[in-house]
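Peer 1: Sequence and predicted structure below; questions after.
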Amino acid sequence: MFTTVLFYIIKFLFFILMGTWITIGVSLMYRSRRKRHLNKIEIVFAEITSRYLYPLPGQPFDLVRANRSFRDLGIHPGKPKNVQYLIDLMIRTQRSLLGKNYEKLELLYKQIPPYRVSQKKLLSKKWHIKARGLREIYEMDQKQYIKQVIREINHENIYVRREAQIGMVVFLGWESFRFIPYLKWDMTLWQQIKIVEKLHDLYPIANLKYLRKAYNIEKPYARELIMRIIRKFELVEEIDYIIRYIDSPNFDTRETAIYCISSFQLSEKQLIRLKYKFMNIVNSEQQVQLLKYIDRISPKVDIPFYKLLLYSGNDIIKLCSAEILWGHKCIDEVEEFYYHQYSVQQQPA
Amino acid sequence: MKKALIIQQDVIILKIIEKLMQLNSYDCKAIRSISDLNIEDQTRNFDIIISEILFDGIAPLDFVYQIQEIILHKSLIIVTNMGQERIRHEIMNTNKVSGFFAVPFDLDRIQKLIA
């Protein structure tokens, strides 16, 4: 009885083991075939794109032949995975190139499959599909869908509205600043960075007309975004905008202002204004950051300013000021302050 | 005919640069990895090498020095996905490369260098 049960258990386990092996084998075969097929798609796409961008003499680009090659490789609506792979390749290529070729690719993408697949994704109710559709549209610079993109800039899902806002920047460049006052949600740091990078990659020449119009926007994220743009594009003539927010009551705005100003050299007038603003900053760490920056860019050490801080600041600022003075060999001032502390302490005793 | 060697892992970029070079009357050898180089390549004396700097087992800077020693060539252009400023400075400071292009780049600028 026991032997029979054992026999059946072994038989059962043997079948499970066989099943697992067969599944692994089939999976490996499928993966290997799939990989070969995807490589084939990549090579054909590379060949078509390169021939389109740089047609050799006597070998003009043949669009019909290109589309036929894609169809032969299974790029059609019935095989969405193949279509998605081609879209990814198209995006990767568009992201790699700038200038004349970027515009040429935009034209090519309008003529080869998978046209309208990304647009259909915008109709999806799932946020990740919608966001992916938006990204594909702007990465491939398909300007004809701009209306659908604008519609999503205030979407309740952060990823959908993030992609839509980046799409606006890609399509409209500096002009997209017109839409900032109409944004209903805050813009995250990551979102700001992505926008600044896209703007810099695609529209490297600053258009101050639209930027300055945005100066009146009261929203903190808009101010931070503008400051990051001033820094990235090295707009020296716009530094005053950053100085304006050095002592902002909002911590993040202050932080951004200090971060952005630190990549500029200031004029004497701006430096005086910055020192005045320094006194209004409520956070000691930010004060220290700014103090080190002031020291770095000052042509000569401003002894009265540091002495003022030595005698009126908090302990952290006092220490930082003393370090700066000591570093500039103003030993007398530091020693004077050192002995002054004892005289102040002795008085109450 | 002038000779060019292109080393790029990304097959799309590889093909595009290859066509650009052919259009500018270069005889091209386009490969995806440094392991595809053979012994004859060491003596071919290329007019130009357009290469990536990210390869398994070798640091970008070491690669620049090694290719200088191993393969005869007149000029070296870097086209890479690794566009950090630090790397760019380090490589440009070696004075061994004629140009450094990080993704995204404008091929017209490369064309000016190879013309």
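Peer 2: Looks like it came in fine. Residues are numbered from 1 along each chain as shown, chains lettered A, B, ... in the order given.

Peer 1: give the contact list for residue A:274.
Peer 2: Residues counted as contacts of residue A:274 (CB atoms under 8 Å, 6 or more residues apart in numbering or on different chains) are A:243, A:246, A:261, A:266, A:290, A:294. (Each C-beta comes from the backbone N, C-alpha and C, glycine too.)

Peer 1: Any residues of the stretch 1-150 of chain A in contact with chain B? List them.
Peer 2: A:42-43, A:45-47, A:49-51, A:53-54, A:56, A:89, A:92-93, A:95-102 (CB under 8 Å from any CB of the partner chain).

Peer 1: Out of those residues, which end up buried?
Peer 2: Using 16 or more other CB atoms under 10 Å in any protein chain shown as the burial test, the residues of the stretch 1-150 of chain A next to chain B include A:42, A:45-47, A:49-51, A:53-54, A:89, A:92-93, A:96-98, A:101-102 as buried.

Peer 1: Tell me the secondary structure at residue 77.
Peer 2: Using chain A here. With DSSP: H, G, I helix; E, B strand; the rest coil as the basis, residue A:77 sits in coil.

Peer 1: Chain B, not that one
Peer 2: strand.

Peer 1: What are the neighbouring residues in contact with it?
Peer 2: Contacts of residue B:77 by CB under 8 Å, 6+ apart are B:48, B:49, B:50, B:51, B:97, B:98, B:99, B:100, B:101, B:110, B:113, B:114.

Peer 1: hmm, try it at 7 Å
Peer 2: By CB atoms under 7 Å, 6 or more residues apart in numbering or on different chains, the contact set of residue B:77 is B:48, B:50, B:97, B:98, B:99, B:110, B:113.

Peer 1: pLDDT at it, what is it?
Peer 2: Note for residue B:77: predicted pLDDT of 94.

Peer 1: tell me which residues form a beta bridge with it?
Peer 2: With DSSP bridges as the criterion, residue B:77 is bridged to residue B:50, residue B:99.

Peer 1: burial of residue A:5, as a residue count?
Peer 2: The number of residues packed near residue A:5 is 9, by other CB atoms under 10 Å in any protein chain shown.

Peer 1: Tell me which helix or strand it sits in.
Peer 2: helix A:2-53 (DSSP states H and E).

Peer 1: repeat for residue A:138
Peer 2: helix A:127-139.

Peer 1: Could you give the average pLDDT over that helix?
Peer 2: Average pLDDT, helix A:127-139: 91.

Peer 1: Just give me how far it sits from the chain centre.
Peer 2: Between the centre of helix A:127-139 and the centre of its chain there are 16 Å (CA atoms, centre = their mean, to the nearest Å).

Peer 1: ok, and what's touching that helix?
Peer 2: A:87, A:91, A:94-95, A:118-119, A:121-122, A:124, A:145, A:149, A:152, A:157, A:159-160, A:163-164, A:166-167, A:170-171.

Peer 1: Please export the alpha-carbon coordinates of that helix; PDB is fine.
Peer 2: Provided in PDB are the C-alpha atoms of helix A:127-139 (Å, rounded to 0.1, in the frame of the first residue of the first chain):
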ATOM      1  CA  TRP A 127      -3.000  56.700 -16.700                       C
ATOM      2  CA  HIS A 128       0.200  54.800 -17.700                       C
ATOM      3  CA  ILE A 129      -1.000  54.200 -21.200                       C
ATOM      4  CA  LYS A 130      -2.100  57.800 -21.600                       C
ATOM      5  CA  ALA A 131       1.200  59.100 -20.300                       C
ATOM      6  CA  ARG A 132       3.100  56.800 -22.600                       C
ATOM      7  CA  GLY A 133       1.100  58.000 -25.600                       C
ATOM      8  CA  LEU A 134       1.900  61.600 -24.700                       C
ATOM      9  CA  ARG A 135       5.500  60.800 -24.400                       C
ATOM     10  CA  GLU A 136       5.600  59.000 -27.700                       C
ATOM     11  CA  ILE A 137       3.900  62.000 -29.400                       C
ATOM     12  CA  TYR A 138       6.300  64.600 -28.100                       C
ATOM     13  CA  GLU A 139       9.400  62.500 -28.400                       C
END
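
Peer 1: need the next SSE after it, C-terminal direction.
Peer 2: Following helix A:127-139 in sequence, per DSSP H and E, is helix A:146-150.

Peer 1: Tell me the buried residues in that next one?
Peer 2: Neighbour-count burial for helix A:146-150 [16+ other CB under 10 Å]: A:146, A:148, A:149, A:150.

Peer 1: ok, and for the helix or strand of chain A with the lowest mean pLDDT, which residues are buried?
Peer 2: Lowest on mean pLDDT, DSSP states H and E among the helices and strands of chain A sits helix A:331-346, with a mean of 77. If you call a residue buried by 16+ other CB under 10 Å, then helix A:331-346 has these buried ones: A:333, A:334, A:337.

Peer 1: how far out from the middle of the chain is that helix?
Peer 2: 49 Å.

Peer 1: Kindly export that helix (C-alpha atoms) in CSV.
Peer 2: Extracted in CSV, the C-alpha atoms of helix A:331-346 (Å, rounded to 0.1, in the frame of the first residue of the first chain):
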residue,chain,number,x,y,z
ILE,A,331,43.5,87.4,12.2
ASP,A,332,43.2,90.6,14.3
GLU,A,333,39.5,90.9,13.7
VAL,A,334,38.9,87.2,14.8
GLU,A,335,41.1,87.6,17.9
GLU,A,336,39.4,90.8,18.8
PHE,A,337,36.1,89.0,18.6
TYR,A,338,37.5,86.1,20.6
TYR,A,339,38.6,88.2,23.5
HIS,A,340,35.4,90.3,23.2
GLN,A,341,33.3,87.2,24.1
TYR,A,342,35.2,86.8,27.4
SER,A,343,34.6,90.5,28.3
VAL,A,344,30.9,90.1,27.5
GLN,A,345,30.7,87.0,29.6
GLN,A,346,32.6,88.5,32.5
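
Peer 1: residue nearest the centroid of chain A?
Peer 2: residue A:194 (2.2 Å; CA atoms, centre = their mean).

Peer 1: quick revisit: which strands or helices does the least confident helix or strand of chain A pack on?
Peer 2: helix A:303-312, helix A:315-327 (3 or more CB pairs under 7 Å, 6 or more residues apart in numbering or on different chains; DSSP states H and E).

Peer 1: before we move on, the earlier item: closest one of the buried residues of helix A:331-346 to chain B?
Peer 2: Distance from chain B was checked for each of the buried residues of helix A:331-346 by CB to the nearest CB. The minimum falls on residue A:334, at 36.2 Å.

Peer 1: Select only the buried ones of the contacts of helix A:127-139 in PyMOL?
Peer 2: Here is the PyMOL command that selects only those of those that count as buried (16+ other CB under 10 Å):
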select buried, chain A and resi 87+91+94+118+121+122+145+149+152+160+163+164+166+167+170+171
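
Peer 1: Check the burial of residue A:10 by counting its neighbours.
Peer 2: Residue A:10 has 10 nearby residues by other CB under 10 Å.

Peer 1: same thing with the one 5 residues further on?
Peer 2: Counted by other CB under 10 Å, the residues lying close to residue A:15 total 10.

Peer 1: Next: residue A:304.
Peer 2: 8.

Peer 1: Ok, residue A:76 next?
Peer 2: Residue A:76: 13 surrounding residues under other CB under 10 Å.
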